[in-house]
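Undergrad: Pasted the sequence and its predicted model underneath.
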Amino acid sequence: MQVKRRIVDIMANIDNQELDNLLLTEEEERELTQQISMERIKNRAMNRIQEEETMVFKNRKVKKYKASIVIAAAMIMILSTTAFASQYMDSLKQFFGQSASIAEDERSPIQGTDTASGVTMNVEEGVYVGNSGYLVVSFMKEDGMPFPEGVSIPLLELKTEQSVNYMVGQQLLDDNKKLVGVFEMDAMNDLEGLKARITADRIMSADNAQVVEGPWNVEFTISPGKQREQSLNLAIDEGEEALSLNTVSVSSIGVAIEGKRTDGELDKLPDYTPEVMVIAADGSELKLHASSTSTTKNGFQWLYNLDSKNNLVFLGDVDIKSVSIDGNVTELK
């Protein structure tokens, strides 16, 4: 079976800012984020992708990526030097940027730790939608000192009791005092109650010298936070593809739509993706684009979490009332 995957990261990269001891107001944070140049980030990303690989892909079923995955992956490869004080944003917001709004009741705190050679690995939390989600892990020195510029973990891995496809990106944050890894996952089955383990071998410098010897190992059980799920009974007949959609799930990280093929091609993922919009309580509409089509136990799942420019969209600040799929509106309870 095919599995298409892509990961998108919108990062803030602000030069020449010294903010360690500065308490920022909301207005100051707004002014800082306005300095972001996405063209500069893309240019740096394309240069960096030729030099090193800090993105680890752990999905052997991958068949094809969209063209935009090259820039998206490269942007995650950049080790960010954003200097926002940690009290103003958590690891997930630091990793993805100011747009990463996550509703508090959708977070799944884990806080499992392991310490080796004076460095503590903390499996912080997860956030999920449908059979997809993010897991956040961070590494910090016990003495609070920064890591050398450009460090990364060659073998940062997620191990589970059932098949889970994933990719992981790494960034240095908080003036290099925190090394953060974010796993993007797609599972065959519901993630609820899944037993998992995150392992790391060692921390290496940009020139491939060992900086910190591991290993680190944290076991935990995934307990997804709140997400809104609604049953569907929607048939789609598009060209040679006939599909039946049965579930739509909504959380801060996107909209997941599950279904199966009814045209006899059960071993193939659909090429078609419907037009999807989320409709807020105030009547405003937001069109989302699919980032992936992945295999599930009973069929397939579309994950919608991109805007028209392939930027990642977070929905934590949107009071979603309903979801429109090819014009068919489903009210969320």
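TA: Done, it's in.

Undergrad: Where does pLDDT dip in this protein?
TA: In the prediction, the chain carries residues with pLDDT under 70 at positions 1-89.

Undergrad: Can you give me the buried ones in stretch 168-175?
TA: Neighbour-count burial for stretch 168-175, counted by 16 or more other C-beta atoms under 10 Å, picks out 168, 169, 170, 171, 172, 173, 174, 175. No exception for glycine: its C-beta is placed from N, CA and C like everyone else's.

Undergrad: Please identify the helix or strand for the third one.
TA: Taking DSSP states H and E as the criterion, the element that holds residue 170 is strand 164-173.

Undergrad: my read: residue 228 touches residue 252, true?
TA: No: judged on C-beta atoms under 8 Å, residue 228 makes no contact with residue 252 at a distance of 10.6 Å.

Undergrad: Among those two, which residue is more densely surrounded?
TA: residue 252 (26 against 15; other C-beta atoms under 10 Å).

Undergrad: Against which helices or strands is the strand holding residue 170 packed?
TA: Counting contacts by 3 or more C-beta pairs under 8 Å, 6 or more residues apart in numbering; DSSP states H and E, strand 164-173 is packed against strand 56-58, helix 69-77, helix 91-96, strand 156-160, strand 178-187.

Undergrad: what angle separates it from strand 178-187?
TA: Here the directions of strand 164-173 and strand 178-187 differ by 160 degrees (axes from the mean of the first three to the mean of the last three C-alpha atoms, to 10 degrees).

Undergrad: who does strand 164-173 pair up with?
TA: Partners of strand 164-173 in the sheet, by DSSP bridges, are strand 56-58 (antiparallel), strand 178-187 (antiparallel).

Undergrad: Specify which member of the buried residues of stretch 168-175 is nearest to residue 307.
TA: When the buried residues of stretch 168-175 are ranked by distance to residue 307 (C-beta to C-beta), residue 169 comes first, at 19.5 Å.

Undergrad: Tell me the spacing between that closest one and residue 182.
TA: 6 Å (C-beta to C-beta, to the nearest Å).

Undergrad: cool, residue 205 as well?
TA: Per C-beta to C-beta, residue 205 is found 21 Å from residue 182.

Undergrad: the more surrounded of the two?
TA: The neighbour comparison of residue 205 against residue 182 (other C-beta under 10 Å) goes to residue 182, with 22 against 15.

Undergrad: what residues are up against residue 233?
TA: Listed by C-beta atoms under 8 Å, 6 or more residues apart in numbering, the contact set of residue 233 reads residue 246.
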